[in-house]
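1. Fold the following and give me the result.
(2 chains)
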Amino acid sequence: MCISGDIHDAYVEYQEELVEAGLLIPLGVKGVYGRSGTFEHIIDQFENYITRNGAQFQAEVMRFPPIFNRAHYERIDHINNFPDLLGSVHSFTGRDREHMEMLRKFEAKEDWSRDLNATEVMLVPAACYPLYPTATGTLPADGRLVDLETFVFRHEPSDDPARMQIFRQREYVRLGTPEAALQHRDYWLGKSRDMLASVGLDVTPVIANDPFFGRGGRVMKATQLEQNLKYELVVPICSTEKPTAVASCNMHLDHFGVAFDIKTSDGQVAHTACVGFGLERIALALFKTHGFKVESWPAAVREILELS
Amino acid sequence: MYTEEIREILAKHARLAVDVKELADNSNLYQAGLTSLTTVNLMLAIEDHFDIEFPDSLLGRNTFGSIEAISEAVEEVLNS
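-> Just a heads-up that it's a prediction; the model follows:
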C-alpha cells in the first residue's frame, strides 16, 4: 500500500506515544503488541456497552479460539480472495533424523521453517468464520442470532497502531432469510453509528469493499461495492483524510449458507449478515480523541462506558 | 462482435452448470452458474486473451451478465 509520508509519520508518532504511555507494549514485530491494564479496561467497558445494546435480542453467546479447522478454511474462498492475509499454523512432525536436520539449519541460521508441516488448523481471519461450519443443517423458524468474540489474524505488518496483525472482533451474526439478514445489517449500521457517536467519536458510515487480492480482486471489489454489501464505520485516528474503519456491517448473501449447507426452516439456502466491532481500534480511537488519561475523559463518555 | 472467442473462454474458465453451446448470446450467465469467483477467472482470461485491462467502471455484474454484454465491454475497451 502506498501511503504519503505525512500519514506514515502520524502513524509512527501515535504508536510511539502509545508505547511511551505504556498502553501498548511493543514485541519487536510490526502490528503485534501487548496491551496494558488500562487499554484492556477500555476494551472490556466498550464490550459491556455492546452487550447492553444487544441484550434485548437475547443472542446465543459462543466463543471460539483464534484457530479453526483447516478443512473448514478450505471451503470459504479466503485463499482465493485474501492469500496475502492468511495465517497457517505449522509444526514439526518428523522424527529424530528430521529433527537433527532442522536443528542443523537452526544453528547455522538457515531457514528451518521449511522443515515444518501444515497442521490441521488455520488462524481465524474473521470472528464469525468458525461459526458457520457448526451451523450446517436447518435453522430454527426464526433463524439464529449469535454473539461472538475472538482474536483474528491478518498478515499486514504496519506502523499504523490501528493496523494490528492480531486483534479482537466482537460480532453479532444473523443467520436466516435474506430479509432477516438485511434487517440485521441495517439495524446495526444505525445502532453502531449511534453507539460510536455517543462516546464522542467522529464517526461516518461509508460503503466499503474488502481488500480482495490482486488483479482479479478488482472484480470482487466492484461487485461488493455495486451491491452495497459492506459498510464501514470510519473514525479519524491518525488522519482525517484517511480515517480508520472501527466497525463494519456486512451482508454475506448466501456465501456461507452454500459453503456449509445452512438452510432456513422452509428449505432455502440461509443468508447471513454480521456487525463486527474492531475492539482495539475503538480503544485507539477513544485514546486519540479523549487523551491517555481516562480519568479526564468527558463525563458523558465516562458515564456511558461506566468508567467509575 | 467477439462472441465466438468469448464462448471459448467461457467453456474453459467459467465452470458453468450448462454447456456453453446451449446458451444464447443474451442468456443470463449468473443463472447459468457463473459465481463471483468464477467471474474473476473469466475476467482475467478475457483480459489476457484480448490483451486489455478493464477499467473499474466495467467490472460490475452487468459486464459479465451475458456473452453479448462481455463482447460489448471488450469492444468498448478495445476502441477506447
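2. Contact partners for A:Arg35?
-> A:23-25, A:43, A:280 (C-beta atoms under 8 Å, 6 or more residues apart in numbering or on different chains). In this view, the C-beta of every residue, glycine as well, is placed from N, C-alpha and C.
3. rerun at 10 Å
-> A:18, A:23-25, A:41-43, A:164, A:167-168, A:280, A:283 (C-beta atoms under 10 Å, 6 or more residues apart in numbering or on different chains).
4. A:Asp159 reaches A:Val19, doesn't it?
-> No. Judged on C-beta atoms under 10 Å, A:Asp159 makes no contact with A:Val19 at a distance of 11.7 Å.
5. which one of the contacts of A:Arg35 sits closest to A:Cys128?
-> Nearest to A:Cys128 out of the contacts of A:Arg35 is A:Arg168 (C-beta to C-beta; 13.1 Å).
6. Spatially nearest residue to the closest one, not counting backbone neighbours?
-> Closest residue in space to A:Arg168, ignoring its immediate chain neighbours: A:Leu279 at 4.4 Å, by C-beta to C-beta, 6 or more residues apart in numbering or on different chains.
7. Who are the contact partners of the one you found?
-> Shown in contact with A:Leu279 (C-beta under 10 Å, 6+ apart): A:40, A:42-44, A:46-47, A:50, A:149, A:151, A:167-170, A:246-247.
8. which ones are touching A:Arg104?
-> Counted by C-beta under 10 Å, 6+ apart, A:Arg104 has contacts A:110, A:112, A:115.
9. Also A:Glu110?
-> Taking C-beta under 10 Å, 6+ apart, one finds A:102, A:104 in contact with A:Glu110.
10. A:Tyr172 - that's part of a helix, no?
-> No. Going by DSSP: H, G, I helix; E, B strand; the rest coil, the assignment for A:Tyr172 is strand, not a helix.
11. Okay, and the beta partners of A:Met62?
-> A:Leu148 (DSSP bridges).
12. Which residues are in contact with it?
-> By C-beta under 10 Å, 6+ apart, the neighbours of A:Met62 are A:128, A:130-131, A:134, A:146-150, A:173.
13. Next, find the distance separating it from chain B.
-> Going from A:Met62 to chain B by C-beta to the nearest C-beta, to the nearest Å gives 28 Å.
14. Give me the pLDDT for that residue.
-> Model confidence at A:Met62, expressed as pLDDT, equals 98.
15. Save the contacts of A:Arg104 as TSV, and put in pLDDT and secondary structure too.
-> Formatted as TSV, those follow (pLDDT from 0 to 100; DSSP: H, G, I helix; E, B strand; the rest coil):
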residue	pLDDT	secondary structure
A:Glu110	98	coil
A:Trp112	98	coil
A:Asp115	97	helix
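16. tell me which of these is nearest to chain B?
-> A:Asp115 (33.5 Å; C-beta to the nearest C-beta).
17. doesn't A:His99 make contact with the closest one?
-> Yes. Contact status for A:Asp115 versus A:His99: in contact at 8.6 Å, counting by C-beta under 10 Å.
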